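# Sequence and predicted structure below; questions after.
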Amino acid sequence: MSLLDGVTTRCIAIAARRWPTDIRADQVAEWGAELHVMATDPGTGRLIRALRRLRFALSLAASPPVEDENGVPRGWREFLPAWGRMLWPALVLVGAGIATNLLTSFIGVSGRLLGDLFLGSNLDYADAPRAIWTKVAIGFAVCAVAAFLVGWFGTLVGRRLPLLTAPRTAWRRALAAVGAVALVGLGFALSAFWSGVGVFYDWFGLGMWAVVAAAVAIGVVFIARGGMRWVARVLGVAGGLILLDLVAVEIGLRRATAPDSFVTADLIDLSMAPLWFPMSLGSHEFFLFNTPEPTTVSTTGDIAWTLSGSMTAYLLALVFLIGYTVRSARAAVRVPAAAPAVVVEPRVVPRRPRIAALACVAVALGTWAWTVSYTASRIEPRDDHPELFVRGFELRLAAILLAMLALAYALNGRGRPLVPTVVGGVTLLIADIAVSAVDIPDPTAFVLAGVFGAGLAWGVWSLARSFTVTATPNGRRGQAVIALLAVYAAPLVFLQMTSGDASEFADPPADLRVITAVIAAATIALGMTAAVTARKRPPSKGRALAMVTVPAVLFAAIGLAGDGERVPFLAGAGLLALPMFLIAATVIRWDRVRRPALRIAILALVFAPAMALQGVIVLLGVNIGGWTITEPLMNAAGTGISHDGVPMFIGAMIIGLPAAIIVSRDRTARPKTLTARVGGLTTV
């Protein structure tokens, strides 16, 4: 009967939250007395008494809550955050499954590039078999490094976000391990549906991985509970590799002997079957094993190719789960000590910059509606230069980012814009994909997109304003993050200026240049405005006006001049992202400069190296974002990366976002607290 009693106690706790704090104890005492009477009724059996107590508790938990002075039902403000904290680990585990899936392609590209760098790209198995196997080993080493980092991240997540906090019984620990495997597997499934292809070819492989991962996770949890965490990790990785090798053999044979398989079944060499799993990790250059006539070596390469996408993701996910389950098995929720009270007024954006930000919202939504309707239809028939698709797609992404950043800036100190703007940006992106994928006449698409964008902006504003704004010291940091993101994103719209413009066969629509100029100028103006207002000591009006207008005019001129032979030079303006990032950080940080000439000289010296480093960031961004996140987005919109160019915007922003968050940190010294541990208790 302990299970029914536990549910009854939980229902009483839920019902108590719906009453004012000052009378909760009295209500709980009264309910407890009634439950005691039911439990001691001599005329009924134990099961009937337990069911009556449960029915009484359920009726209390389902009863209408008492409203507070604002008409809000009591308990929701306590109940929903608790559920949010419970769901947060589950969402992180689902995201881990998606992330390991996306990381697979990046590992393959990195392994192939390193192999080409050290051994060259023009290799043939008949002439250089040792070099081919060396390239496979390099790819395997890259995958091993990625697996180590993923395992470390799993340990970090397990310490902070355990699925079940401090499970005391064996079945709870096993349930937590199996639940983690199921949630990561759900991430695999979502990623497969989202990309349209997935990292696995059938559900059989995912099912086998889930069984292996669950067995390994349960085993390492029970070993770790005995105090042998490192032994659990080592045994988990070793056992996982052996089991995954067996899984690879089973999946490889299943796919190789399928009726529609291109593998020559008669040439399958089972003595090389243990190598299928390590060969499927890393560079994925299995065409190097091809020979003029099918052989056992070429067949082995073909089987490894069929496993290349799935087994790398399965290995990374298993290593993540080992680190997560070992650490979460002994994790406990720590109640943080009360921080000293900091009296800081909310950082409210001044009136004129706020009006300018709202104007940027209108400009961004207007250009997005025009680009998704009229510009997209003008680009669509131009099959002679399909890279224009990517340019229009990235201009729409930049417009969506500008709209959400401007809304967040205008709401600074007047609401809590983080969650509403993120949700609004994702919603606008979904609408962009829907409008692009459906054939709608231009005027209708423009009106629908404009009305939807305006309604969404109003919804984001209303939702953010509905949250209670408390005194917080993070107002300046929010403005700094917006400033750094905006100035970093503005030059990135120039990266695609060579798409179509430099070709003698293409005649791109003229409004592409106007839209590029408008988005770039508005974004850089918003970023510099936020940088000026994020300073502790604002500059004079003249300097502030110059800081905003000069970059805006320069970027507008670059966008309008994007035509003809000058484009290859002007497209290099996309490399200004990192230098502008450093300039904005300087504007925010350097409130008082004793030697301004020296500081300007330092910026001038690092300007060229910063542009070169931005070129490296763009190349990394192409691999991180272009071939992972952007590909399913473009597929959903009715186009694709393979034949429509190389996207760069999302990949570069993936690198720029954490940089903006790190640089915007407030370095003000905080008061330190002395702690002492006395008798098992920590005192402050």
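That came in fine, so what should we check first? Since the structure is predicted, the reported quantities are computational estimates derived from the model, not experimental observations. Numbers count the residues shown, from 1 in each chain.

# quick one: what helix or strand has Met86 in it?
Taking DSSP states H and E as the definition, one finds Met86 inside helix 76-119.

# tell me the mean pLDDT over that helix?
Average pLDDT, helix 76-119: 71.

# Surely Val212 touches Asp245?
No: in this structure, Val212 is not within contact of Asp245 by Cβ atoms under 8 Å, at 10.4 Å. (C-beta placed from N, C-alpha, C; glycine too.)

# Which one of those two is surrounded by more residues?
Neighbours per residue (other Cβ atoms under 10 Å) separate Val212 from Asp245, with Val212 holding more: 20 against 17.

# Let me know how buried the nearest residue to the more buried one once chain neighbours are set aside is, in neighbour terms.
Once flanking residues are discounted, Val212 sits nearest to Leu243: 4.5 Å by Cβ to Cβ, 6 or more residues apart in numbering. Per other Cβ under 10 Å, the neighbour tally for Leu243 reads 18.

# Is Leu243 in contact with Ala214, as I believe?
No: applying Cβ under 8 Å, one finds Leu243 not in contact with Ala214, separated by 11.0 Å.

# got the CA positions of stretch 90-108 in PDB?
The C-alpha trace of stretch 90-108 is given here as PDB (Å, rounded to 0.1, in the frame of the first residue of the first chain):
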ATOM      1  CA  ALA A  90      14.600  15.600 -20.200                       C
ATOM      2  CA  LEU A  91      14.800  18.400 -22.700                       C
ATOM      3  CA  VAL A  92      18.600  18.500 -22.400                       C
ATOM      4  CA  LEU A  93      18.800  14.700 -23.000                       C
ATOM      5  CA  VAL A  94      16.600  15.000 -26.100                       C
ATOM      6  CA  GLY A  95      18.900  17.900 -27.300                       C
ATOM      7  CA  ALA A  96      21.900  15.700 -26.700                       C
ATOM      8  CA  GLY A  97      20.500  13.100 -29.100                       C
ATOM      9  CA  ILE A  98      19.900  15.800 -31.700                       C
ATOM     10  CA  ALA A  99      23.400  17.300 -31.100                       C
ATOM     11  CA  THR A 100      25.300  14.000 -31.500                       C
ATOM     12  CA  ASN A 101      23.400  13.400 -34.700                       C
ATOM     13  CA  LEU A 102      24.500  16.800 -36.000                       C
ATOM     14  CA  LEU A 103      28.000  16.400 -34.800                       C
ATOM     15  CA  THR A 104      28.500  13.300 -37.000                       C
ATOM     16  CA  SER A 105      28.800  15.200 -40.200                       C
ATOM     17  CA  PHE A 106      31.300  17.600 -38.700                       C
ATOM     18  CA  ILE A 107      33.500  14.800 -37.600                       C
ATOM     19  CA  GLY A 108      33.400  13.200 -41.000                       C
END
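
# Show me which residues of that stretch are buried.
By neighbour count on 16 or more other Cβ atoms under 10 Å, the buried set for stretch 90-108 is 90, 92-94, 96-108.

# Packing partners of the helix or strand hosting Trp276?
Element membership of Trp276, judged by DSSP H and E, is helix 276-279. Using 3 or more Cβ pairs under 8 Å, 6 or more residues apart in numbering; DSSP states H and E, the elements in contact with helix 276-279 are helix 129-160, helix 229-256, helix 296-328.

# got the angle between the longest one and helix 229-256?
Which is helix 296-328. Helix 296-328 and helix 229-256 are oriented at 140 degrees to each other (axes from the mean of the first three to the mean of the last three Cα atoms, to 10 degrees).

# how does the chain divide up, domain by domain?
Structural domains annotated on the chain: 2-74, 87-328, 357-663, as defined by automatic domain parsing.

# Kindly reformat these as JSON lines containing distance to Arg351.
Formatted as JSON lines, the domains of the chain follow (distance: least, Cβ to Cβ, whole Å):
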{"stretch": "domain 2-74", "distance to Arg351": "28"}
{"stretch": "domain 87-328", "distance to Arg351": "37"}
{"stretch": "domain 357-663", "distance to Arg351": "11"}
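
# The stretch 501-650 of the chain: helices as residue ranges?
Counting by DSSP state H, counting those that start in this stretch, one finds helices in the stretch 501-650 of the chain at the ranges 511-533, 541-560, 567-570, 577-589, 596-621, 630-636, 641-644, 649-663.

# Of these, which shows the lowest average pLDDT?
Mean pLDDT is lowest for helix 641-644 among these, at a mean of 46.
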